[in-house]
Structures are given as structure tokens and as C-alpha cells.
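A.B. asks: Give me coordinates for this.
(one chain, ligands or ions: 1)
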Amino acid sequence: MKAVEIKNGVYWVGAIDWAIRDFHGYETPRGTTYNNYLIMDDEITLLDTVKYDFSDSTIKNIRTVADPAKIKHVVINHIENDHVTSIDKIMELTPHATIYITEKGKKGLERFFDLSKWSIRVVKTGDTLTIGKRTLLFIETPMLHWPDSMMTYIKEDKILISQDAFGQHIASAVRFDDEFVTCASMAALEDAVIDYYANILMPFGQLIKTKLAEVQKLGLEIEIIAPDHGIIWRKNPGKVLKMYLDMANGKARQCASIIYDTMWHSTEQMTSPMIQGVKDEGVECCVIKLRATPMSVAIKEFWHSRGCLIGTPTLNNIMYPTIAEFLTHLRGLRPKNRIVGAFGSYGWGGGAVKEAYEEFKRMGLETFEPGLQILYRPSLEDEAKCYEFGRDFARRLKEYHQQFE
Ligand code: FEO
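C.D. replies: Prediction:
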């Protein structure tokens with residue numbers, strides 16, 4: 001690879017991670033990129049670095065445009081490992097450069113690196129840095145994605161370097177939305193945005209709304225959104241802004257996801273009439289067997305749907321382990337504006353469905369009750385109950401969905 005110019009004198013110099021499938025436990029079947037950017041102005045400026053393993057890649061890309069020793073400023077928008085762990089190698093090449101970072105970023109960075117050897121300037125929202133013909137404006141975005149996070153706006157080019165926000169885990173030979181849509185599709189790009197939001201940013205919906213309003217108040221014109229992962233939005237940055245606003249406002253499809261696991265196929269057998277019941281109410285249905293599906297895909301489908309039915313067999317009087325793991329993961333993501341119910345088979349004491357509802361309540365989700373438990377294997381009569389359960393759930397889901405329309 002080599003540097004890719006995104007606008008006169010502003011270059012992508014990042015790295016493509018084609019092979020990553022486990023991003024700190026989040027499955028990334030499409031790989032990812034670590035984007036960072038180089039501005040060629042009177043004072044050469046690097047915005048972000050990359051994951052340590054790709055240090056040589058970004059340095060090579062930088063060299064296709066400039067001698068790294070000439071970099072005068074290094075902006076660190078976020079200190080998570082995937083964006084900052086090559087800082088050491090970069091600074092070895094340009095030891096007199098100044099690092100620009102938030103207060104919390106500096107505090108975090110000093111847990112990993114010896115900062116005494118570098119010149120550091122702490123910045124906050126509204127601070128600017130003039131690098132020649134261009135001025136950079138810093139905007140703190142705490143908790144998007146970590147407390148240290150910020151974005152950098154290049155005023156003259158109207159480019160927002162948005163760090164994790166608006167990113168996607170996609171490894172691709174192309175860098176821009178218009179190119180990606182040509183070689184894949186807008187649906188694939190949207191899917192990657194939803195996947196990223198659901199798995200990483202779901203807890204921060206309110207903050208996202210506040211931050212977007214703040215950016216609007218600053219009156220920033222945005223022509224290009226350049227995130228630190230995936231595709232750069234140059235043709236239609238408004239598209240991803242609207243998607244984020246919609247998701248932050250709780251928008252979802254009028255759809256039921258059925259996320260289940262099964263031991264001897266009894267809970268699985270319950271899903272079939274249930275799906276029919278949901279469909280007969282005119283509600284879309286998306287079905288996921290958890291043990292056969294990456295967790296991140298299940299989370300995305302949960303988020304994408306207004307309602308979810310969780311199917312769990314009882315094992316030793318509690319939920320099936322994969323379901324318990326899924327619900328624990330989901331609780332951490334603090335989902336909102338979703339309606340949920342539970343079902344499953346049991347052999348003697350039961351307990352899994354009750355436990356699933358306890359978990360739903362802990363999350364503060366709207367519940368569809370009571371749940372449905374079937375002894376051992378569903379009989380024909382039980383299958384009829386499953387059908388009605390699906391149908392009743394779909395009715396409730398439609399009513400609940402109305403308030404978000
Ligand atoms: Fe891509 Fe929060 O790191």
C-alpha cells in the first residue's frame with residue numbers, strides 16, 4: 001500500500017488488517033483498518049497512529065509522502081491500543097515533535113509509555129493549532145469511545161477526523177464510501193456501521209446525540225468524515241451522520257429477532273411455530289442460533305430489531321451458558337427501547353426463563369410476559385402455544401414500535 005490522498009495535501013497513511021477475526025473478543029469477520037492521517041502543510045502533522053503490529057506499515061506509507069523525521073505535530077485522538085501503540089516507533093523517528101492530546105489521554109498514555117522523553121501539549125474543546133495554511137480544531141468527545149477521546153476538525157478542508165465514531169470494521173482495498181459501494185453495496189456498508197455501533201457505541205447513544213448537537217452548534221461544515229476504522233465518508237457524510245442520529249434516538253426495524261440455543265433441539269423446535277406466528281402478524285423475523293453465530297452478529301441483530309425473543313433451555317436450573325454469556329454481554333452495552341421475552345424447554349425444575357426475565361429487568365428493558373416453558377419436547381399442543389406466543393409477541397412489538405415512529 002501507499003498513502004492515499006483524501007483531499008489536497010491530506011493523506012490516509014494507515015494500515016489494513018485483513019486477517020483479524022477477534023478484536024478484543026469482538027468478532028470481525030470482515031477484518032478492519034487502522035486509519036491515521038498525514039497533513040502536508042508548512043508544519044507536517046500526523047493525526048493518530050496505528051496498532052503496534054502495523055507500525056512498519058504506517059511508517060512505510062508516511063515515507064511515500066514525507067520523511068517521518070519532518071513531522072512536527074502528532075495528534076492523538078484516542079489512546080486505545082489499536083490507535084496508539086505505534087507512537088513509540090513514530091516518535092523514535094521524530095523525537096522533537098509535539099504530541100497533542102486531552103488531559104485524560106495524557107493520564108492514560110503515561111500508564112503505557114514514558115512521557116518524560118516527549119513534548120506534550122494538553123488540549124481541550126475549542127483549542128486550535130495552526131500548522132501553516134490550515135488550522136486544526138480539537139473537540140473532546142469523552143466516552144466516544146473512551147474518556148480520553150477527541151476528534152480533530154481540519155477547518156480549511158472541512159474534514160472531521162472522527163476517531164472511532166462513524167467507523168466500521170471493514171478491511172478493503174478501497175478507502176472511500178463511493179468506491180466501496182461500487183465494489184460491494186450500500187447495504188453492506190450500512191450493515192458494517194450498524195454492527196460497529198451496536199457492539200461498541202450502543203451504551204453511548206445519549207452522549208452521541210449531545211455531541212452531534214454540539215458539533216452542529218459550532219457550525220462546522222463537514223465535507224469529509226474520516227474515521228479511524230474502515231471507509232472514509234466523502235461522497236455522503238450526511239448518510240452516516242443520519243444513521244448515528246437515528247440509532248442514538250432508538251430507531252430500529254419493526255422486526256423480531258429470535259436468539260436461541262438448544263441442547264437436544266427441543267428449544268429449537270419451539271422456534272419454528274414461533275417464527276410462523278411472528279410472520280403471520282406481518283412482522284419480520286430474524287433467527288439466530290447463538291452457538292453457531294458470532295456474538296457480535298447476534299448483538300447487531302438484537303440492536304437492529306425492535307424486539308427479541310430469547311430461547312434458552314434450562315441446564316442445572318439456570319440459563320444455558322451461551323445465553324447467559326450473551327445477556328451479560330448485552331447488559332454491558334446498556335440497550336434501550338427494545339421489548340424482550342423468553343422461552344425454552346426444561347426437564348424437571350425449570351428456571352432458565354425466570355432467570356432470563358430477571359436479567360431483562362436488570363437491564364430495564366420492556367418485557368413481554370409471561371414467558372413460555374415447555375416440558376421436555378414440544379407436543380403438537382405445545383407447538384400451537386409457541387405459535388400463539390410468537391403471534392402475541394409480534395402484536396405487542398408493533399404497538400411498542402409505534403412510539404418510535
Ligand atoms: Fe478503535 Fe476505541 O478504539
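
A.B. asks: make it CA atoms for all contacts and neighbour counts henceforth
C.D. replies: Will do.

A.B. asks: Of all the helix elements in this structure, which one is longest?
C.D. replies: For the chain, the longest helix by residue count, based on DSSP state H, is helix 380-402.

A.B. asks: For that helix, buried residues please.
C.D. replies: Using 16 or more other C-alpha atoms under 10 Å as the burial criterion, the residues of helix 380-402 that qualify are 382-395, 397-398, 400-401.

A.B. asks: near the ligand, from those?
C.D. replies: With the criterion set as C-alpha under 6 Å from any ligand atom, no member of these is near the ligand.

A.B. asks: what separates stretch 80-87 from the chain centre, distance-wise?
C.D. replies: 18 Å (C-alpha atoms, centre = their mean, to the nearest Å).

A.B. asks: So is it next to the ligand?
C.D. replies: Yes: applying C-alpha under 6 Å from any ligand atom, one finds stretch 80-87 touching the ligand at 80, 82.

A.B. asks: which residues make contact with that stretch from outside it?
C.D. replies: Identification of contacts with stretch 80-87 by C-alpha atoms under 8 Å, 6 or more residues apart in numbering yields 34, 48-55, 76, 78, 146, 228.

A.B. asks: Figure out the length between the terminal residues of it.
C.D. replies: Start and end residues of stretch 80-87 are separated by 12 Å (C-alpha to C-alpha, to the nearest Å).

A.B. asks: And for stretch 44-57?
C.D. replies: End-to-end for stretch 44-57, by C-alpha to C-alpha: 19 Å.

A.B. asks: Give me the mean pLDDT for it.
C.D. replies: For stretch 44-57, mean pLDDT is 97.

A.B. asks: gap between that stretch and the chain center?
C.D. replies: Its chain's average C-alpha position is 21 Å from that of stretch 44-57, according to C-alpha atoms, centre = their mean.

A.B. asks: Show me the contact partners of that stretch.
C.D. replies: Against stretch 44-57 from outside (C-alpha under 8 Å, 6+ apart): 14-15, 34-39, 58, 70-78, 81-87, 89-90, 131.

A.B. asks: The stretch 51-200 of the chain: strands as residue ranges?
C.D. replies: Secondary structure of the stretch 51-200 of the chain by DSSP state E, counting those that start in this stretch: the strands cover 71-75, 98-101, 119-122, 128-130, 135-140, 150-154, 159-163.

A.B. asks: Direction included, what does the last one pair up with?
C.D. replies: In other words, strand 159-163. With DSSP bridges as the test, strand 159-163 is paired with strand 150-154 (antiparallel), strand 224-227 (parallel).

A.B. asks: Turn these into CSV, columns for distance to the ligand, mean neighbour count and mean pLDDT.
C.D. replies: Putting the strands paired with strand 159-163 into CSV (distance: least, C-alpha to the nearest ligand atom, whole Å; neighbours: other C-alpha atoms under 10 Å; pLDDT from 0 to 100) gives the following:
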stretch, distance to the ligand, mean neighbour count, mean pLDDT
strand 150-154, 11, 25, 97
strand 224-227, 9, 26, 98
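
A.B. asks: Understood, closing this out.
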